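1. Turn this into a structure:
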Amino acid sequence: MWCFVQKTWLKLAFLFVALVCCSGCEEDFNSEPIKVIVPFAPGGGSDTLARVLVREIQKQPERGPTWVIINVPGAGGTIGSRRVKNARPDGKTLLFLHDGILTAKYAKQALYGPEAFTPIGVTGQLGMVICVAEESQFGSLRDLMQQAAAEPETVTFAANIGAPSYFMARRLEQAHGGAAFRYVQSGGGARRFADLSGGHVSASAFSISEYLNFREGGIRALAILDENRHPLLQDVPSAIEEDYQITYSNLQAWWAPAGTPETIIDELQLTLKRAIESPEMQRYSKQQCIDPLFMNSEGLELAMNRKSAELGNLKLGFDREHQPPIELMLTFCLLVGVCLSMSKPCKLPQKSKTHEPSHSSWKHIALATILVGFISSLSLPADMFLLAGIPFVLVSGLLTMGNDSLRLTTLIAIAAPLILFLFLSTLLGIDLP
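-> Presented below is the predicted three-dimensional model:
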């Protein structure tokens, strides 16, 4: 039986490789649309800016292929960024992501950062503001920080953990000794606005563009993270005026999968440069307080290196006291699974032999227990999830040794989703998460 499975598996593997090779034929760059992955929900600053840019690109006389926006929110932008990271480097799947591509790495939400992509360029720079609800008791940034220092973890701050909004708050904490926010996991600008205006949190951070769009909905800016006041927000003081030496601007950057040919990158850069320099885009940028600068791939790489050095000097402490003890659950499940796999079924003399549990059934129970522990590790940072996968694979292999039916079931359960994913994404070109 097992020999037959091995031969069949080998034939299927050769067939799959042949199909993949046949699918690698060179295609015209303009024959398929370009998918722009925006890793946030619709309505936020990044999503709005991306849509305006794409609309401007479609107006160009030599626009090339059609550009399509796809929102892939979740996990501080890492779900969408990972989707682009794993895409084919053919210039057909792009990522529009700000500094979150860097902060997610420092927050240990991803094992990769900008180095895992090919930089394309920057099409704008956004200033940032700290906001509260319109009826909030806090009249200034100093009032907010003094309360966070007097009663630590009582002032709630909506942030996409691992995203720039989170790191801005951490920098404020360090600037005001003893201050500590209680962070509430939120999402993109639209989600944070809903949390703040709805009274669910005390404060949050927004780009100036987002604030201009949201301020009529019941929020108020306390300070802008810049050296000077903004021309359109003269009533909002800078953080430096409040004696907090903090400035921050968010680069709106474009990324392609690693290995994308230089000729394609050059073509994409030219398309984006034309769009950001168009009169319509210049007018929109002025209205939304966006600095419409264009930066090529070399400039983007240098900027990310500089920001990386700044984040490296920031003292980070990711508190987990408010999270369930995932590590303990994982360790417990793995230990129980190992013990069950090594134990023998107990024999109960009062019952007939037909009701005695077999060693194979105990292996099934052990495998299921370990699987529960492995699934719970999905809530851990990427590096810890990788460590959890190692004992899962080893123990699963030990459990399936010497049992053809169990080994075959496990092999099919692990391999079938992977083969289906590769078939749909590689051969049929379907854009899967």
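
2. I'd like to know how far Pro42 sits from Glu115.
-> To Glu115, Pro42 is 29 Å away according to C-beta to C-beta, to the nearest Å. In short, each C-beta sits where N, CA and C put it, glycine included.

3. Next: Thr263.
-> Counting by C-beta to C-beta - Thr263 and Glu115 are separated by 22 Å.

4. In terms of packing, which of these two has more residues around it?
-> Taking other C-beta atoms under 10 Å, Thr263 and Glu115 do not tie; Glu115 has more neighbours (13 against 10).

5. show me the contacts for that one.
-> Under the criterion of C-beta atoms under 8 Å, 6 or more residues apart in numbering, Glu115 has no neighbours.

6. and it, that's in a helix?
-> Yes. According to DSSP: H, G, I helix; E, B strand; the rest coil, the state of Glu115 is that of a helix.

7. Relative to Ile101, how far out is it?
-> The value you get for Glu115 to Ile101, if C-beta to C-beta is used, is 10 Å.

8. average pLDDT for the helix or strand Val84 falls within?
-> Per DSSP states H and E, Val84 falls inside helix 78-85. Taken as a whole, helix 78-85 has a mean pLDDT of 91.

9. what about the residue lying closest to Phe167 once chain neighbours are set aside, neighbour count?
-> Spatial nearest neighbour of Phe167, excluding adjacent residues (C-beta to C-beta, 6 or more residues apart in numbering): Thr103 at 5.2 Å. Using other C-beta under 10 Å, Thr103 has 28 neighbouring residues.

10. Hmm, Ala163 and Thr103 touching each other?
-> Yes. Using C-beta atoms under 8 Å, Thr103 is in contact with Ala163, at 5.9 Å.

11. Residues that sit against both of these two, list them.
-> Jointly contacting Thr103 and Ala163 under the rule C-beta under 8 Å, 6+ apart are Gly76.

12. Surely Leu251 touches Met128?
-> No. Proximity of Leu251 to Met128 does not meet the contact threshold set by C-beta under 8 Å, at 11.7 Å.

13. Report the angle between the helix or strand just after the helix holding Val84 and helix 78-85.
-> Next helix or strand after helix 78-85 toward the C-terminus (DSSP H and E): strand 93-97. In terms of direction (axes from the mean of the first three to the mean of the last three C-alpha atoms, to 10 degrees), strand 93-97 departs from helix 78-85 by 140 degrees.

14. Return the list of helices and strands in contact with strand 93-97.
-> strand 34-38, helix 45-58, helix 78-85, strand 249-257 (3 or more C-beta pairs under 8 Å, 6 or more residues apart in numbering; DSSP states H and E).

15. Same list (those) but as TSV, adding mean neighbour count.
-> Listed next are the helices and strands packed on strand 93-97 as TSV, based on neighbours: other C-beta atoms under 10 Å:
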stretch	mean neighbour count
strand 34-38	22
helix 45-58	21
helix 78-85	22
strand 249-257	24
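
16. Same list as before, those that is, but in TSV and with distance to Thr66 included.
-> Listed next are the helices and strands packed on strand 93-97 as TSV, based on distance: least, C-beta to C-beta, whole Å:
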stretch	distance to Thr66
strand 34-38	7
helix 45-58	7
helix 78-85	18
strand 249-257	17
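
17. These: which one's closest to Arg229?
-> Minimum separation from Arg229 across the helices and strands packed on strand 93-97 (C-beta to C-beta) falls at strand 249-257, 14.8 Å.

18. I'd like the next helix or strand past that closest one.
-> The element immediately downstream of strand 249-257 (helix or strand, assigned by DSSP H and E) is helix 262-276.

19. what sits up against that following helix?
-> With contacts defined as C-beta under 8 Å, 6+ apart, helix 262-276 is touched by 29, 53, 56-57, 60, 63-64, 90-91, 94, 118, 120-121, 123-124, 254, 256, 281, 285, 292, 294, 296-297.

20. Can you tell me which of these are buried?
-> 29, 53, 56-57, 90-91, 94, 118, 120-121, 123-124, 254, 256, 281, 285, 292, 294, 296-297 (16 or more other C-beta atoms under 10 Å).

21. and Ala309, what pLDDT?
-> Predicted confidence (pLDDT) for Ala309: 87.

22. That one: neighbour count?
-> By other C-beta under 10 Å, 9 other residues sit near Ala309.

23. Asn250 is in contact with Asp99, correct?
-> Yes. In this structure, Asp99 is within contact of Asn250 by C-beta under 8 Å, at 5.5 Å.

24. buried ones in stretch 265-279?
-> Within stretch 265-279, the residues scored as buried using 16+ other C-beta under 10 Å are 265, 268-269, 271-272, 274-276, 278.

25. wait, which of those is closest to Ala133?
-> Nearest to Ala133 among these, with distances taken as C-beta to C-beta, is Ile276, at 33.9 Å.

26. which SS class is the closest residue to that closest one other than its chain neighbours?
-> In space, and not counting its chain neighbours, Ile276 is closest to Thr123: 4.5 Å by C-beta to C-beta, 6+ apart. For Thr123, the secondary-structure state derived from three-state DSSP is strand.

27. picking that back up, ok, which of the helices and strands packed on strand 93-97 comes nearest Glu210?
-> When the helices and strands packed on strand 93-97 are compared by C-beta to C-beta, helix 45-58 sits nearest Glu210, at 4.2 Å.

28. For that closest one, list the C-alpha coordinates in CSV.
-> In CSV, the C-alpha atoms belonging to helix 45-58 read as follows (Å, rounded to 0.1, in the frame of the first residue of the first chain):
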residue,chain,number,x,y,z
GLY,A,45,-5.6,57.6,4.2
SER,A,46,-3.5,55.0,2.4
ASP,A,47,-6.5,53.6,0.6
THR,A,48,-7.8,57.0,-0.5
LEU,A,49,-4.4,58.2,-1.7
ALA,A,50,-3.8,54.9,-3.6
ARG,A,51,-7.2,55.2,-5.4
VAL,A,52,-6.5,58.9,-6.4
LEU,A,53,-3.1,57.9,-7.8
VAL,A,54,-4.5,55.0,-9.7
ARG,A,55,-7.3,57.1,-11.2
GLU,A,56,-4.6,59.6,-12.3
ILE,A,57,-2.5,56.7,-13.8
GLN,A,58,-5.5,55.5,-15.9
